[in-house]
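**Student:** Show me the folded form of this:
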Amino acid sequence: METKSRYEVIADLEKQKRDLILKKNGLGDNLKNMERNLKEMERNVQDQKDEITYFKNQMKEQGATFDELIKSVDESLKRMTELNKQ
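**Tutor:** Just a heads-up that it's a prediction; the model follows:
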């Protein structure tokens, strides 16, 4: 088993202290990043809500358009059926 000198132990402890200080100083930046990410997520949620509201409003118009297209296809089928009878 290797033993360390007092100087090596002191150097290791100082390195640990520096690392801990750097991590402590970075806590504020980590919090700012988390808050920034939260704001971005909230904006994305609001954008999605707006898209849903817009889609709900468009559904009525699109439904009416599809009804007209279905009616047109039904009329074409009816004419084809009548032509086949003749």
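**Student:** Poorly predicted segments of the protein, please.
**Tutor:** The chain contains residues with pLDDT under 70 at 1.
**Student:** Which helix or strand contains residue 56?
**Tutor:** If you go by DSSP states H and E, residue 56 is part of helix 6-85.
**Student:** Most remote residue from the middle of this protein, which is it?
**Tutor:** Ranked by distance from the centre of the chain (Cα atoms, centre = their mean), the top residue is residue 86, with 59.4 Å.
**Student:** so who does that one touch?
**Tutor:** Counting by Cβ atoms under 8 Å, 6 or more residues apart in numbering, residue 86 touches no other residue. No exception for glycine: its C-beta is placed from N, CA and C like everyone else's.
**Student:** Residue 54 now?
**Tutor:** Residues near residue 54 by Cβ under 8 Å, 6+ apart: none.
**Student:** and if you look at residue 63?
**Tutor:** Counting by Cβ under 8 Å, 6+ apart, residue 63 touches no other residue.
**Student:** if I look at it, how far off is residue 50?
**Tutor:** For residue 63, the distance to residue 50 (Cβ to Cβ, to the nearest Å) stands at 21 Å.
**Student:** Ok, residue 20 next?
**Tutor:** Residue 20 is 45 Å from residue 50, by Cβ to Cβ.
**Student:** And for residue 68?
**Tutor:** Applying Cβ to Cβ, the value for residue 68 to residue 50 is 28 Å.
**Student:** Same question for residue 25.
**Tutor:** Residue 25 is 39 Å from residue 50, where distance means Cβ to Cβ.
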